[in-house]
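Visitor: Let me see the structure of the following:
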Amino acid sequence: MLLLADQWTEYRLLDGGDGLKLERWGEILVQRPDPQILWPRAAGRPWPACDGCYHRNDRGGGRWEWARRAPESWVLHYGGLAFKIRPTNFKHLGLFPEQAVNWDWLAGCIRSRMAAGGAATGQPVSLLNLFGYTGAATVAAAAAGAAVCHVDAAAGMVEWCRENAALNGLSGRPIRYLVDDCPAFVRREAR
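Guide: I've put the predicted structure just below:
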């Protein structure tokens, strides 16, 4: 069964083709490369002028080009959650919108477990989020009531997760933030 992340009101994948995708992130229209978009762009359907376009270079990196002053960051909402969006130097914006169905599923599982008495028995729902990136799954799980251990090798991503947690009023929730190599963390903790 294919699950679609179609509950977004502030994000929309508008079109794709020739290795590019056109997206709306709130009021910001961007064009970014995507290696999984293998089909050609539809002929005769020009894309509108974008606020930001990411251009790859021949060394594997790239740069953003903005039609007007680039926003440093902005907030995007999904359901009752809020996320800080920020252009990175590696084409990302800090969120994978297609993963929203997984956040919903995860939050539903946590709520079901808690409703079944998990918290009442003294065994809270705990979640380990490896390769946690900017923390969308961590935020969804913590908002649903889980204690979360968020692990990512990039300190900047772990800090971004803290910012997303604070943005959602979750600073006081049991979230453990770790900057660590995830495979090494698992090997160490599995002993």
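Visitor: Now for the nearest residue to residue 11 once chain neighbours are set aside: which residues touch it?
Guide: Setting aside the residues directly before and after it, residue 11 is nearest to residue 97 in space (C-beta to C-beta, 6 or more residues apart in numbering), at 4.6 Å. In this view, the C-beta of every residue, glycine as well, is placed from N, C-alpha and C. By C-beta atoms under 8 Å, 6 or more residues apart in numbering, the contact set of residue 97 is 5, 8, 11, 13, 78.
Visitor: Tell me the spacing between the third one and residue 160.
Guide: So the one you mean is residue 11. 17 Å (C-beta to C-beta, to the nearest Å).
Visitor: Scan the protein for its longest helix.
Guide: helix 100-115 (DSSP state H).
Visitor: okay, that one in PDB with CA atoms only?
Guide: Extracted as PDB, the C-alpha positions of helix 100-115 are listed here (Å, rounded to 0.1, in the frame of the first residue of the first chain):
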ATOM      1  CA  ALA A 100       4.900  13.200   7.200                       C
ATOM      2  CA  VAL A 101       2.900   9.900   6.800                       C
ATOM      3  CA  ASN A 102       5.600   8.200   9.000                       C
ATOM      4  CA  TRP A 103       5.300  11.000  11.700                       C
ATOM      5  CA  ASP A 104       1.500  10.400  11.700                       C
ATOM      6  CA  TRP A 105       1.900   6.700  12.000                       C
ATOM      7  CA  LEU A 106       4.600   7.000  14.700                       C
ATOM      8  CA  ALA A 107       2.500   9.400  16.800                       C
ATOM      9  CA  GLY A 108      -0.500   7.200  16.400                       C
ATOM     10  CA  CYS A 109       1.400   4.100  17.700                       C
ATOM     11  CA  ILE A 110       2.700   6.100  20.700                       C
ATOM     12  CA  ARG A 111      -0.800   7.400  21.600                       C
ATOM     13  CA  SER A 112      -2.300   3.900  21.200                       C
ATOM     14  CA  ARG A 113       0.400   2.400  23.500                       C
ATOM     15  CA  MET A 114      -0.100   5.200  26.100                       C
ATOM     16  CA  ALA A 115      -3.900   4.800  25.900                       C
END
